[in-house]
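K.L.:
Any chance you could fold what I've pasted below:
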Amino acid sequence: MLVFRCRDIGNNDCVFEAREATEEELVAKIRAHYREHYGAGLMPPTLLDRVLRAVRFEPEPTGAQEPPGS
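P.N.:
Coordinates of the predicted model:
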């Protein structure tokens, strides 16, 4: 799972977090957040570059564990 948090690029006042399986889906979600939250149009290429460098991979949660002996 690819993960991005605004605070990872120094925007500590924003609690936005995006989690997606692909970079394409993640970037679409981040761009929508940028437009809606910051009232801006297209994300400048320099900002997108910073965002992409801050993306991390985190394993998906495994969900509920099965009881022992199942």
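K.L.:
all strands for this structure, in order.
P.N.:
Using DSSP state E, the strands of the chain run over residues 2-5, 17-20, 56-57.
K.L.:
Can you give me every residue that contacts the nearest residue to K29 once chain neighbours are set aside?
P.N.:
Sequence neighbours aside, A18 is the residue nearest to K29 in space, at 4.4 Å (criterion: Cβ to Cβ, 6 or more residues apart in numbering). Where C-beta positions appear, they are placed from N, C-alpha and C, glycine not excepted. Residues near A18 by Cβ atoms under 8 Å, 6 or more residues apart in numbering: 3-5, 26, 29-30, 33.
K.L.:
so which of the strands of the chain is the most packed in?
P.N.:
Among the strands of the chain, strand 2-5 has the highest mean neighbour count (mean count of other Cβ atoms under 10 Å), at a mean of 18.
K.L.:
how about low-confidence regions in this structure?
P.N.:
For the chain, the stretches flagged by pLDDT under 70 are 63-70.
K.L.:
Kindly recompute the last result at 80.
P.N.:
The chain contains residues with pLDDT under 80 at 61-70.
K.L.:
related to what we said a few turns ago, present the strands of the chain as a markdown table; the columns should include distance to A40.
P.N.:
Shown next, in a markdown table, are the strands of the chain (distance: least, Cβ to Cβ, whole Å):
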| stretch | distance to A40 |
| --- | --- |
| strand 2-5 | 17 |
| strand 17-20 | 17 |
| strand 56-57 | 24 |
